[in-house]
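J.: below: sequence and its predicted model.
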Amino acid sequence: MSALIDMLRSLFRPSAGLSPLEASIFDAVHEQLPPQDAELWRKQLEAVNKIYRSPTEREINLYVIRNGKSNFPRELCFANEEEFKIAVVDLTAGDNEGKLRARVWCVNGHVFSIEYKTSFKVFEEMAQGKWRCKCKILNYPS
């Protein structure tokens, strides 16, 4: 019963704050982008006011909600408005005991999601806040 309640809370509770793990992933991407793209990246993340974390703990989606609808500001969008994987970020727990690969996606010209093959919560618990990130940009957004 508790698992069901936790799942419902995660679905309906408003959330706009990035976890330390998510912030590390987005920072790793930011550091690898050219200055103009990096500035838009930063502004896009600042504009996010809703974060959906899947009950399976394998995906997060970012939204800007305005007037009750998803409505990302066009002035903050990249030139490339296709859906594309912008980067892969490999995370390693402090003692090399755990690994996690994050795939970061853009949709409609803005950062939209992080996808994982395994639960990010399991990795966070194992790493206890200590991890290293290695980012590879796959597609530049401009």
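T.: Looks like it came in fine. Quick caveat: nothing in here was measured; it's all calculated off a predicted structure.

J.: can you tell me how far the residue most central in space within the chain is from I51?
T.: Geometric centre of the chain, nearest residue: I114, 4.1 Å, by C-alpha atoms, centre = their mean. Between I114 and I51 the distance is 10 Å, computed by C-beta to C-beta, to the nearest Å. Heads up, the C-betas are built off the backbone N, CA and C, glycines and all.

J.: could you pull out the residues contacting both of those two?
T.: Here I114 and I51 have E22, I60 as joint contacts, going by C-beta atoms under 8 Å, 6 or more residues apart in numbering.

J.: where do the helices sit along the protein?
T.: With DSSP state H applied, the chain shows helices at 2-12, 20-32, 35-47, 120-127, listed in chain order.

J.: who are the packing partners of the last one?
T.: To tie it back to what came earlier, the one meant is helix 120-127. helix 20-32, strand 84-93, strand 99-107 (3 or more C-beta pairs under 8 Å, 6 or more residues apart in numbering; DSSP states H and E).

J.: of all those, which lies closest to P73?
T.: Closest approach to P73 among those is made by strand 99-107 (14.5 Å; C-beta to C-beta).

J.: ok, residues contacting the closest one?
T.: Counting by C-beta under 8 Å, 6+ apart, 25-26, 29, 78, 80, 83-93, 111-118, 120, 123, 131, 141 sit against strand 99-107.
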